[in-house]
Each structure stands twice: as C-alpha cells, then as structure tokens.
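Visitor: Fold the following and give me the result.
(one chain, ligands or ions: 1)
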Amino acid sequence: MSEIKIQMKNISKVFETEEMETHALKDVNLTIKAGDYVSISGPSGCGKSTLLGLLGLLDMPSGGEYFVEGVNVSSLSLNEAAEVRNSKIGFVFQSFNLIDEISVFDNIALPLRYRKDKLNTQEIEQRVNKCLELVSMTHRSKHKPNQLSGGQQQRIAIARALVNEPAILLVDEATGNLDSNTGDQIMDVLDELNQKGTTICMVTHESRYADRATTQLKLLDGAILTTPELTSCSALQYV
Ligand SMILES: Nc1ncnc2c1ncn2[C@@H]1O[C@H](COP(=O)(O)OP(=O)(O)OP(=O)(O)O)[C@@H](O)[C@H]1O
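Guide: Next up is the predicted model:
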C-alpha cells in the first residue's frame with residue numbers, strides 16, 4: 001500500500017464575523033497517497049480556497065485533525081506551521097509571486113535558504129538545477145522573472161514549489177493568468193511531474209483540467225460529494 005501523504009479527518013472550518021457564522025467546510029475526510037493526482041472543483045463559494053488554505057497550513061481548522069506524512073499538524077503555532085509549510089508543502093498560485101529583483105536561480109533557491117537544516121552551496125545548486133530541468137527552464141536560470149513570459153514564470157514558480165521535495169504540490173488555479181495554449185502547456189508540466197511521482201492536489205474551475213487528474217473531487221456547500229464508506233482518495237472517481 002502506498003504511503004499516505006495527506007490525511008484530513010472530520011475537518012471543519014467556521015468563519016465568524018460579528019453578524020454571522022459561515023460554515024465553509026463541514027466534516028471533510030480526505031486521504032491523499034504518494035503519487036496521487038487530485039483535482040478539487042465546485043461552484044463559487046463552495047470552500048475550495050478554504051480547503052486548499054488548510055491543506056497548505058495557511059490557516060488552521062476549527063475542528064478535526066490534519067496529518068502531513070503522519071504528523072498531526074492540526075493545532076500548530078504560527079511558527080511551527082510556517083516551518084512545516086516550507087519543508088512539506090509546495091504551493092503554486094494563480095499569480096506567480098516571483099521576486100523580480102533576483103535571478104530565476106535565486107527565486108527557486110529561496111525556500112532552501114529558509115530551511116532549518118542548512119544546505120551547502122553545492123547541494124543548493126544541484127537541487128535548483130534539477131528543478132529547472134524538470135520544468136525545462138535550465139536556459140533561463142540567469143534571467144530575472146520579469147524577462148520571462150507568463151508561462152515561463154509559472155514554470156519557475158512550479159520549480160520553486162518543488163525545490164524542497166515537498167510531500168505534496170498544492171496548485172491553486174495555476175492557469176488563471178495564462179492564455180489557453182500556455183495554460184495547456186502548464187497542465188502538461190503538471191501531468192509530467194505526476195508521472196514522475198509528484199503528488200498533486202489542484203483547485204480548478206476548468207473541467208477539462210479537472211478531468212486530467214486521476215481523482216476528481218467535487219465540493220458542494222463545504223462538503224466533498226462522496227459516499228461515506230469511501231475514505232481513500234485513490235478509490236474515488238468522479239466523472
Ligand atoms: N475570511 C473569511 N471570513 C468570512 N467568510 C469567509 C472567509 N473566507 C471565506 N469565507 C466564506 O467561506 C465560504 C467558502 O469560501 P471559499 O473562498 O473557500 O470558496 P471558493 O469555493 O474558493 O470560491 P471561489 O471559487 O469563488 O474562489 C464562502 O461562503 C465565503 O464567503
């Protein structure tokens with residue numbers, strides 16, 4: 001049986017304002033194993049960003065338990081959560097969030113420099129070059145991000161997300177700022193990465209992209225549409 005990367009047990013998220021409570025996620029159970037390729041889709045307001053934010057430890061759940069590679073991360077302090085996020089989670093956003101003042105190489109190396117266990121220069125070089133290769137961008141290593149096309153910038157953002165060899169790559173509407181051809185190419189990069197073993201969970205509005213994932217989850221009103229007996233993500237298939 002393949003290794004469990006991500007497990008959520010009865011996760012809920014309630015946002016409270018002075019006027020009202022919003023139950024953004026209700027009793028979500030999710031298991032993602034090594035090598036899975038999961039898409040999450042559903043109508044606006046169904047809880048997709050909230051779920052991805054919890055998966056990425058950008059926010060904490062109101063209830064339930066969340067495990068990353070077997071470690072319970074449900075109630076970490078902000079500092080502890082930041083450390084797990086940097087070492088275990090790769091995040092790719094719609095906006096590329098690259099730093100224009102430094103080179104492509106240094107952008108990708110950035111998460112390595114925030115590690116607790118410091119790597120030496122040679123190890124950093126090896127890791128960054130491997131990730132540049134994975135996204136076919138070795139030839140642009142010395143460029144600045146603003147000298148690249150949108151699709152190329154997204155490739156660099158993917159390389160940066162992978163450089164710490166995370167447990168999972170979380171992808172939030174990665175093609176939202178790209179034309180459809182370039183978006184398709186970025187999806188091809190994700191497909192290839194998954195074929196090489198990267199575990200991916202992506203939120204997308206586009207059904208043609210959701211269909212590429214091997215497990216397609218639909219969210220509705222904060223709950224995953226599923227049958228109660230199915231707890232393993234690998235076992236779920238939605239058309
Ligand atoms: N910080 C917040 N405070 C209060 N309510 C919130 C907050 N963030 C999200 N919500 C509410 O939680 C619900 C889920 O929001 P979420 O952003 O996760 O939906 P979504 O599926 O990502 O939507 P979209 O596709 O439009 O981006 C919505 O009803 C939203 O209004």
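Visitor: Quickly note the distance from Gln122 to Thr204.
Guide: Going from Gln122 to Thr204 by C-beta to C-beta, to the nearest Å gives 38 Å. Where you see a C-beta, it was placed from the backbone N, CA and C, and this is true even at glycine.
Visitor: now do Asn86
Guide: Applying C-beta to C-beta, the value for Asn86 to Thr204 is 25 Å.
Visitor: These two - which one has more neighbours?
Guide: Each of Asn86 and Thr204 has its neighbours counted (other C-beta atoms under 10 Å); Thr204 has more, 24 against 18.
Visitor: can I assume that one is in contact with Tyr37?
Guide: No: with contacts defined as C-beta atoms under 8 Å, Thr204 does not count as touching Tyr37, sitting 11.9 Å away.
Visitor: what residues does the protein put near the ligand?
Guide: Contact residues, the chain versus the ligand (C-beta under 6 Å from any ligand atom): Phe15, Thr17, Thr22, Ala24, Ser44, Gly45, Cys46, Gly47, Lys48, Ser49, Thr50.
Visitor: What about those, which are in strands?
Guide: Secondary structure assignment by DSSP state E places Phe15, Thr22, Ala24 of the residues of the chain next to the ligand in strands.
Visitor: For stretch 124-137, which outside residues touch it?
Guide: 104-105, 108-109, 112-113, 119, 138, 140-141, 152, 155-156, 158-160, 162-163, 189, 193, 196 (C-beta atoms under 8 Å, 6 or more residues apart in numbering).
Visitor: repeat that with 6 Å
Guide: With contacts defined as C-beta atoms under 6 Å, 6 or more residues apart in numbering, stretch 124-137 is touched by Phe105, Ile108, Ala109, Leu112, Thr138, Ser141, Arg155, Ile158, Ala159, Leu162, Val163, Val189.
Visitor: For Leu193, which non-adjacent residue is spatially closest?
Guide: By the measure of C-beta to C-beta, 6 or more residues apart in numbering, the closest residue to Leu193 outside its immediate chain neighbours is Leu134, 6.6 Å from it.
Visitor: Count the neighbours of the one you found for me.
Guide: Other residues within reach of Leu134, judged by other C-beta under 10 Å, total 19.
Visitor: before we move on, what about Gly197?
Guide: Neighbours around Gly197, by other C-beta under 10 Å: 8.
Visitor: what about it, which SS state?
Guide: coil (DSSP: H, G, I helix; E, B strand; the rest coil).
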